[in-house]
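Visitor: Structure for the following, please:
(chains A and B)
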Number of protein chains: 2
Amino acid sequence: MHKSRLGALVVDCQSERIFEYAEFWGAVLGSEPESQEGQIDERYVRLNGAPSEAQVILQKVEHPSRVHFDIETNDIEAEVNRLQSLGAEIVERMEKWVIMEAPSKHRFCVIGPIRPDFEEKANVWE
Amino acid sequence: MHKSRLGALVVDCQSERIFEYAEFWGAVLGSEPESQEGQIDERYVRLNGAPSEAQVILQKVEHPSRVHFDIETNDIEAEVNRLQSLGAEIVERMEKWVIMEAPSKHRFCVIGPIRPDFEEKANVWE
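Guide: Numbers count the residues shown, from 1 in each chain, chains lettered A, B, ... in the order given. So this is what the prediction gives:
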């Protein structure tokens, strides 16, 4: 048994200006971007949204700008297996997450739990 | 005074196979896709997710596949004005919604209320 859920909406930006863009998206969505001092990794800026909603994260990328889903799970291997059985393919295994591609050709990532109410609210897969 | 919020995550698919892809994304996210009989418009398939979360909608499109945000609001003109003042630009005005582009170059739409708890939970802009 493991759990998973939509964890984050990642706004990939092919740009150095992610703090400026985080200000914009934060103002659009009514969320406060984390401060530069609060950053865990300089490639990311998190918006502090409602805990009941998927997180919104700006990411500095080399590929063209897009939006992708992060699926949060307490068992990455089990979730990757489940998603492969649904028709997704592994694109690349990173140290802490796995990049996959849907049959619809949208790329997404499988990551560890990221939302505070993951344990209580995530889908349970037997 | 008007209100707005992240209303929907739209999975744009450059494909005729949106029902098949809706089955995949529904299984990933633990949501049931609406039936073909229940469709309001044949270009869209909605996933019946939790009311507290942004809706996920598959859309058949002509442009390359991507994911975009829909911002829900009770006053499209006021929200478009607010977003323009934040730096977004109007791409095209449709009959019932407005397509905009962020400074980060991500396109998004401004639409009417779509989530059941919009009135209670949306951000209020004075």
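
Visitor: contacts and neighbour counts: CA atoms only from here.
Guide: OK.

Visitor: Quick check, residue A:2 in contact with residue A:124.
Guide: Yes: counting by C-alpha atoms under 8 Å, residue A:124 is a contact partner of residue A:2 at 5.9 Å.

Visitor: overlap in contacts of the two?
Guide: Here residue A:2 and residue A:124 have no joint contacts, going by C-alpha atoms under 8 Å, 6 or more residues apart in numbering or on different chains.

Visitor: And the strands in chain A, which stretches?
Guide: Taking DSSP state E as the criterion, chain A carries its strands at A:2-13, A:32-33, A:44-48, A:55-60, A:66-73, A:89-93, A:98-101, A:107-111, A:123-125.

Visitor: Export these as a markdown table, with columns for distance to residue B:22, mean neighbour count and mean pLDDT.
Guide: Supplementary listing: the strands of chain A in a markdown table, determined by distance: least, C-alpha to C-alpha, whole Å; neighbours: other C-alpha atoms under 10 Å in any protein chain shown; pLDDT from 0 to 100:
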| stretch | distance to residue B:22 | mean neighbour count | mean pLDDT |
| --- | --- | --- | --- |
| strand A:2-13 | 15 | 23 | 97 |
| strand A:32-33 | 32 | 20 | 92 |
| strand A:44-48 | 28 | 21 | 93 |
| strand A:55-60 | 22 | 22 | 96 |
| strand A:66-73 | 15 | 23 | 97 |
| strand A:89-93 | 17 | 14 | 98 |
| strand A:98-101 | 15 | 19 | 98 |
| strand A:107-111 | 15 | 23 | 98 |
| strand A:123-125 | 17 | 14 | 97 |
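
Visitor: Turn these into JSON lines, columns for distance to residue B:37.
Guide: Listed next are the strands of chain A as JSON lines, based on distance: least, C-alpha to C-alpha, whole Å:
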{"stretch": "strand A:2-13", "distance to residue B:37": "27"}
{"stretch": "strand A:32-33", "distance to residue B:37": "41"}
{"stretch": "strand A:44-48", "distance to residue B:37": "38"}
{"stretch": "strand A:55-60", "distance to residue B:37": "33"}
{"stretch": "strand A:66-73", "distance to residue B:37": "28"}
{"stretch": "strand A:89-93", "distance to residue B:37": "31"}
{"stretch": "strand A:98-101", "distance to residue B:37": "29"}
{"stretch": "strand A:107-111", "distance to residue B:37": "29"}
{"stretch": "strand A:123-125", "distance to residue B:37": "27"}
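
Visitor: Can you tell me, leaving aside adjacent residues, what's nearest to residue A:87?
Guide: residue A:103 (6.1 Å; C-alpha to C-alpha, 6 or more residues apart in numbering or on different chains).

Visitor: Give me the neighbour count for that neighbour.
Guide: 16 (other C-alpha atoms under 10 Å in any protein chain shown).

Visitor: Dihedrals phi and psi, it?
Guide: With angles defined as degrees, to the nearest 10, residue A:103 sits at phi -60, psi -30.

Visitor: And it, what's its pLDDT?
Guide: What the model reports as pLDDT for residue A:103 is 97.

Visitor: again, but for residue A:39
Guide: Per-residue confidence (pLDDT) for residue A:39: 76.

Visitor: just checking, residue A:13 touches residue A:68?
Guide: No: if you go by C-alpha under 8 Å, residue A:13 and residue A:68 don't touch, sitting 11.0 Å apart.

Visitor: if I pick the most centrally placed residue in chain A, what's in contact with it?
Guide: Closest to where the C-alpha atoms of chain A average out (C-alpha atoms, centre = their mean) is residue A:70, at 3.1 Å. Residue A:70 makes contact with A:6-10, A:108-111, according to C-alpha under 8 Å, 6+ apart.

Visitor: will you turn those into TSV that also has distance to chain B?
Guide: Output for those, formatted as TSV (distance: C-alpha to the nearest C-alpha, whole Å):
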residue	distance to chain B
A:6	6
A:7	10
A:8	11
A:9	9
A:10	10
A:108	11
A:109	12
A:110	11
A:111	14
